[in-house]
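Peer 1: sequence unavailable; structure follows:
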């Protein structure tokens, strides 16, 4: 049965060699946008599976294949012949050793876009080393910039390297290569490395630092909590509000609303400690939700700091349908939005091998071939 989908990538076929973090997130995005993504899992699956709660695995079918066998590699290459894109997140050289590296894949399908997702890249002294989001953020300088002055750097979840510097750049590269293929008729390899992506995300800060505006001292700059008008403040109930009143017209609303008419000048750095003290004292007089009500409707760039469990109930989040439920699991709705070809949450996560027989047949394997692969243990049904 053909996997019929809506979305701007409907008709695009993707082979995903299962991994963790940025690779699955990138393939989730491609599936949300309408691509037919088949995830090649190892028999038995990985160690981090959360079953129906594994939101990153939504939207695609799973086939379980033993890639350590020559016949397993051949299964992937047969899929590649029908694919537009392959995504893998192995350490450099692993895909080649498994017999599914870019050279052999592009030989089978010269139009293939071969997406490679790593932390350190395919070359360089750290290329063969292990790492996680926090390590890539550390080496690029991003981690050192996050946190309060005089205290240790704070990991910004794994949003910076895994998802921002990794998955989003992989998706950008894959989509760009697909566009270029329409002109040249040829595929190519997309080398997406998290250190590359995070460094690019820091572009504005490289410019600010070169101009002398940005200092390496954590918590002393305009956008890192150093400025009192771009920071968070504790309220009477122990919760927080976020203030982002960078522009003078928004700052004027904050000053007026808090009754700080004799407050020091916004951009007098020498007065920032006093200004912060007065802001803290003012916000401590009411609860977070009381302040949210006070600032509702005002152009002041003040917002309540919501916990993840609260965010889905926020009126704006609800109005835009940003959180949806699938099989009893709340999760983010697909983004961005399209006027003619809307993205959609096509299906929930699949167990490893759940769709082995159906997916392989829809990608060109005969029923007899699938039966033989299952009988030999090369392909496994979950």
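Peer 2: Great, that's in hand. All values derive from a computational prediction rather than experimental measurement. Numbering: from 1, shown residues only.
Peer 1: distance of the residue lying farthest from the centre of the chain relative to residue 353?
Peer 2: Ranked by distance from the centre of the chain (CA atoms, centre = their mean), the top residue is residue 262, with 43.8 Å. When distances are taken as CB to CB, to the nearest Å, residue 262 and residue 353 turn out to be 69 Å apart. For the C-beta atoms, the positions are set from N, CA and C on the backbone; glycine is no exception.
Peer 1: quick check: domain ranges of this protein?
Peer 2: Per automatic domain parsing, the structural domains of the chain span 13-201+324-380, 230-318.
Peer 1: got the end-to-end distance for the shortest one?
Peer 2: Read that as domain 230-318. 26 Å (CA to CA, to the nearest Å).
Peer 1: and if you look at stretch 358-372?
Peer 2: Stretch 358-372 stretches 14 Å from its first residue to its last (CA to CA).
Peer 1: quick one, phi psi at residue 331?
Peer 2: Per-residue torsions, residue 331: phi -160, psi 160 (degrees, to the nearest 10).
Peer 1: tell me the pLDDT of the residue lying closest to it once chain neighbours are set aside.
Peer 2: Taking CB to CB, 6 or more residues apart in numbering as the measure, residue 331 lies nearest to residue 55, with 4.5 Å between them; neighbours along the chain are not counted. pLDDT recorded at residue 55 is 95.
Peer 1: got the domains of the chain as TSV, with distance to residue 207 columns?
Peer 2: Rendered in TSV, the data for the domains of the chain read as follows (distance: least, CB to CB, whole Å):
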stretch	distance to residue 207
domain 13-201+324-380	13
domain 230-318	17
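Peer 1: the nearest residue to residue 187 once chain neighbours are set aside: neighbouring residues, count only.
Peer 2: On the basis of CB to CB, 6+ apart, the spatially nearest residue to residue 187 that is not a chain neighbour turns out to be residue 112, at 4.2 Å. By the measure other CB atoms under 10 Å, the count of residues near residue 112 is 24.
Peer 1: count of residues packed around the residue nearest to residue 331?
Peer 2: Using other CB under 10 Å, the number of residues around residue 55 comes to 19.
Peer 1: so it sits right up against residue 329, yeah?
Peer 2: Yes: Residue 55 sits in contact with residue 329 when judged by CB atoms under 8 Å, with a separation of 6.8 Å.
Peer 1: what about the helices in the stretch 251-382 of the chain?
Peer 2: For the stretch 251-382 of the chain, the helices identified by DSSP state H, counting those that start in this stretch occupy 272-283, 288-295, 308-311, 315-319, 356-362, 367-376, in order along the chain.
Peer 1: please identify the most buried of the ones you listed.
Peer 2: The highest mean neighbour count among the helices of the stretch 251-382 of the chain belongs to helix 356-362 (a mean of 20), with neighbours defined as mean count of other CB atoms under 10 Å.
Peer 1: what's in contact with that helix?
Peer 2: Under the contact criterion CB atoms under 8 Å, 6 or more residues apart in numbering, helix 356-362 has outside partners 1-3, 38, 61-65, 75, 367, 369-370, 373-374, 379-382.
Peer 1: just the buried ones among those, please.
Peer 2: The neighbour-count test (16 or more other CB atoms under 10 Å) marks 3, 38, 61-65, 75, 370, 373-374, 379-382 as buried among these.
Peer 1: by pLDDT, give me the weakest of those.
Peer 2: By pLDDT, residue 3 ranks lowest within the buried ones among the contacts of helix 356-362, coming in at 55.
Peer 1: for this structure, what spans make up the strands?
Peer 2: Assigned by DSSP state E, the strands in the chain fall at 13-17, 36-41, 61-65, 85-88, 113-118, 188-193, 230-234, 240-244, 302-304, 323-326, 329-332, 379-380.
Peer 1: check which helices and strands the fifth one is in contact with.
Peer 2: Identification of packing neighbours for strand 113-118 by 3 or more CB pairs under 8 Å, 6 or more residues apart in numbering; DSSP states H and E yields helix 22-32, strand 85-88, helix 102-108, helix 168-184, strand 188-193.
Peer 1: show me the shaky parts of the stretch 51-200 of the chain.
Peer 2: The stretch 51-200 of the chain contains no residues with pLDDT under 70.
Peer 1: now do stretch 288-303: distance from first to last residue.
Peer 2: End-to-end distance for stretch 288-303, by CA to CA: 9 Å.
Peer 1: surely residue 148 and residue 219 touch.
Peer 2: Yes: Residue 148 sits in contact with residue 219 when judged by CB under 8 Å, with a separation of 4.9 Å.
Peer 1: what do those two both touch?
Peer 2: Overlap of the contact sets of residue 148 and residue 219 (by CB under 8 Å, 6+ apart) consists of residue 225.
Peer 1: when the two are compared, which one has more neighbours?
Peer 2: Applying other CB under 10 Å to residue 148 and residue 219 shows that residue 219 carries more neighbours, namely 17 against 14.
Peer 1: the residue nearest to the more buried one when sequence neighbours are not counted and residue 255: what is the separation?
Peer 2: Closest residue to residue 219 in three dimensions, ignoring its sequence neighbours and counting by CB to CB, 6+ apart: residue 149, at 3.6 Å. Noted for residue 149: a distance of 24 Å to residue 255, by CB to CB.
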